[in-house]
Structures are given as structure tokens and as C-alpha cells.
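In: Got a predicted structure plus its sequence, pasted below:
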Amino acid sequence: MATERHDPVTGRVTTGHEWNGIEELETPIPRVVFFFLIVGTLFAIGYWLLMPAWPVGWTYTKGLLGIDQRNVVTQQVEEAAVSRAVWTDRVGSEDFAAIAADGDLMRHVRDTGRTLFVDNCAVCHGVRGTGGPGFPDLAAGSWLWGGDPETIAETISVGINSTNDDTRVSQMMAFGRDGVLESDQIRSVAAYVRSLSGQELSEADQARVPAGQEVFAENCASCHGEDGKGMVEVGAPDLTDQHWIYGGDAQTVYTTIYSGRQGHMPHWQDRLSPTDIRILALYVGALATDGGPQ
Ligand code: HEC
Ligand code: HEC
């Protein structure tokens, strides 16, 4: 071994390596590194003995403490269901008026209802339930079938023009295509319909209103009512307000009357539990007053 050389400045031993006159000091690995290496190794061995660790063929070393994350999750899910049952049982059994009057219970309903609505309904009705062309605004308070929770729960359960045996049936006939009304009569009744919601009409349309009113009384009032305010028995919309499913402009109203409309709302009886349907009914029923999910 070469003779030990000392660095003249620090007095430390050098390794003997030298690059262009610069020599490398012999610096030992600090003890603290060994300390942590040993502590880390001991911890790893201890953890391996106590907890599930190594894969062994089809199984694994289970560890002395017998901890299994799967059991932990199962237990947590059970606990959550039990704590949820405290209020879901009430929603499932009490009548709607009692639930709606209970602020605490309604807070649960609103939180869970929002999630259920976003997961199942928002694709068609929008995240806030405000709908869009062809999909009614559920927050408008202008109901086709009725806005009390019982009625909404029934609508959700059986759907509208759905494949369910008890489905609600929504039939706005194709008055033009089926030859019931002439194009001229359709134009007149469209003008009358638009006058009902207080729209400003062109002079020509204004002149058509009286004739349109007659066509309406003969062909439309049976479903939409003498006054055009709709009829929940047949799901016919109120034509006098500002809320439209398809649109209140002249062209859209003409198309609606000419070609008819049959909106499709799926039924949820087989997909959601009765309690979830009740939660949604309360949630949707409150949309009009709450202004939608925050
Ligand atoms: C595939 C689209 C679609 C989905 C998904 C959907 N709906 Fe609908 N929904 C409709 C359509 C379309 C109508 C209107 C049918 C019509 O024009 O008569 C409607 C009507 C309704 C009505 C009747 C409103 C009234 O004025 O009486 C309610 C209540 C309703 N939906 C709630 C829900 C809820 C709650 C969900 C989620 C569980 C949901 N909808 C999911 C399309 C959908
Ligand atoms: C058999 C009952 C029935 C008759 C008769 C009927 N309607 Fe309808 N009407 C409906 C129903 C139900 C809807 C909703 C259709 C849907 O969305 O599924 C509707 C929808 C409409 C709409 C669309 C409203 C919107 O919000 O976009 C207009 C406009 C309308 N009807 C006008 C008329 C006129 C005008 C007549 C007469 C020429 C008439 N209806 C006759 C049942 C009827």
C-alpha cells in the first residue's frame, strides 16, 4: 500500500488519487447513514413479519397481525351503510310531507339526490335540471305531469313513452303529417299558441289569431285545456308560460303541430332502488324552490 499522504490544508488523509494536482480526500461515509440503514432494515424486517408482504406462488405471507385491507374496506362499507340507514330508512318509510318538513333529513336528501341526479339524469336534464331542447326544465315549476313528490316518483319509476308496462303516455299528434289540419290552419293555430305566452306577433300572424283560436278549441283544448294551461292527466304542457320543451318560436311551434312530439323518458324502476327514487323525487321537487344544486 502506498504511504499515507495528508492534505496540507486540512491535514486529512487523501485517497492518493490525483487529477491535475487536485487530490481526493479520504472521507468516510458518515455514521448517521449506517444508523438509518440499520434502522430501516430492522423496520422492514419487522413490517414483513407483522403485515402482509411477500407474494408466495398463489398466496402471500399474511403477517402475524392478520390485517387484510379487504376486510377493512368491507367493514367500512358496512359501517357506512349502517350510518346511512339511519336516515334512508326514514326516507323509505315516512310520508313525503314529513320528510320535506325535516331540515336535517332534507340536507341528506339534497346531498345524495344531487349525486344520484348527476349520475343518472344530468345527461338529459342538465346538471342543474334545467333541461334543453327536447328535455324539460325540471327547475321551472312548470310541470307536465305534476310536481309533488308522489307524482314525480311515479314519473321516474315508470318513465314516459318508455318500455315499462305502466309507462306514462305522452302523445302530441302529427296534425299536419296525418292530414288533420291544413297548413294554413296550422299557421293560424301556431300564431294563437304564441299569443298565449304574450309573444309579439307580426301583423300577418296577429290577423290569424281569431281563426287559430277556433282551431285550438276544436283540436287542442281537449289536452291543453280551454285556456291553454295544459293538463297533467295527459302530460300536456302549459302553453301560456315562458317555458318550452321544444321552443316557442314560430318555426318550432309549426313543426311541433305539423309533426307531433313524443318525448321519451326512460323508466328507473329496475335500475334504482325505491329509496333512491324517493330521494330523487324529493330532490327534483325541491329544484324549483331551491334554484338547483349549489
Ligand atoms: C334519456 C334522457 C332522459 C334521462 C336520462 C332522464 N330523463 Fe327525465 N325526461 C326526459 C324527457 C324527454 C322528458 C319529457 C318527456 C315528454 O316530453 O313528455 C322527461 C321528463 C321528466 C319528468 C317529468 C317532468 C314533468 O314536468 O312532469 C321528470 C320528473 C323527470 N324527467 C325526471 C328525471 C329523473 C329524476 C331522471 C334521472 C333518474 C331522469 N328524468 C332521467 C328525458 C330523460
Ligand atoms: C292528445 C292530447 C293532445 C292534443 C289533442 C294536442 N296536444 Fe299538444 N301536446 C300534447 C302533449 C302530451 C305534449 C308534450 C309532448 C312531449 O313532449 O312528449 C304536447 C306538446 C305541445 C307543444 C310543445 C310545447 C313545448 O313546450 O315545446 C305545442 C306547441 C303543442 N302541443 C300545441 C298543440 C296544438 C296547437 C294542438 C292542437 C292543434 C295540440 N297541441 C293538440 C298533447 C296534445
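Out: Structure's in. What do you need? Predicted model only: the values in this text are computed from it and were never measured. Ligands and ions are numbered 1, 2, ... in the order given.
In: CA only for contacts and neighbour counts going forward, please
Out: OK.
In: got the contact list for residue 144?
Out: Applying CA atoms under 8 Å, 6 or more residues apart in numbering, one finds that residue 144 lies in contact with 230-232, 235-238.
In: In TSV, list these along with neighbour count and distance to residue 10.
Out: Shown next, in TSV, are the contacts of residue 144 (neighbours: other CA atoms under 10 Å; distance: CA to CA, whole Å):
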residue	neighbour count	distance to residue 10
230	24	99
231	19	99
232	17	97
235	20	96
236	22	97
237	23	95
238	22	96
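In: now, among the residues you listed, which is nearest to residue 117?
Out: residue 235 (21.9 Å; CA to CA).
In: Just give me the residue right at the centre of this protein.
Out: Nearest to the mean C-alpha position of the chain, counting by CA atoms, centre = their mean, stands residue 118 at 0.4 Å.
In: Contact residues of the stretch 51-200 of the chain facing ligand 1?
Out: 117, 120-121, 123-124, 134-136, 138, 143-146, 152, 155-156, 160, 170 (CA under 6 Å from any ligand atom).
In: List only those of these flagged as buried.
Out: Neighbour-count burial (16 or more other CA atoms under 10 Å) applied to these gives 117, 121, 124, 134-136, 138, 143-146, 152, 155-156, 160, 170.
In: and the residues you listed near ligand 2, which?
Out: Near ligand 2, by the rule CA under 6 Å from any ligand atom, you find residue 170 out of those.
In: pretty sure the residue nearest to the centre of the chain contacts residue 127?
Out: Yes. Residue 118 is within contact range of residue 127, at 5.8 Å (criterion: CA atoms under 8 Å).
In: So which of the buried ones among the residues of the stretch 51-200 of the chain next to ligand 1 are in helices?
Out: 117, 124, 152, 155-156 (DSSP state H).
In: Mind picking the two most distant members of those residues?
Out: That would be 124 and 152, which, of these, are the farthest apart (CA to CA) at 16.2 Å.
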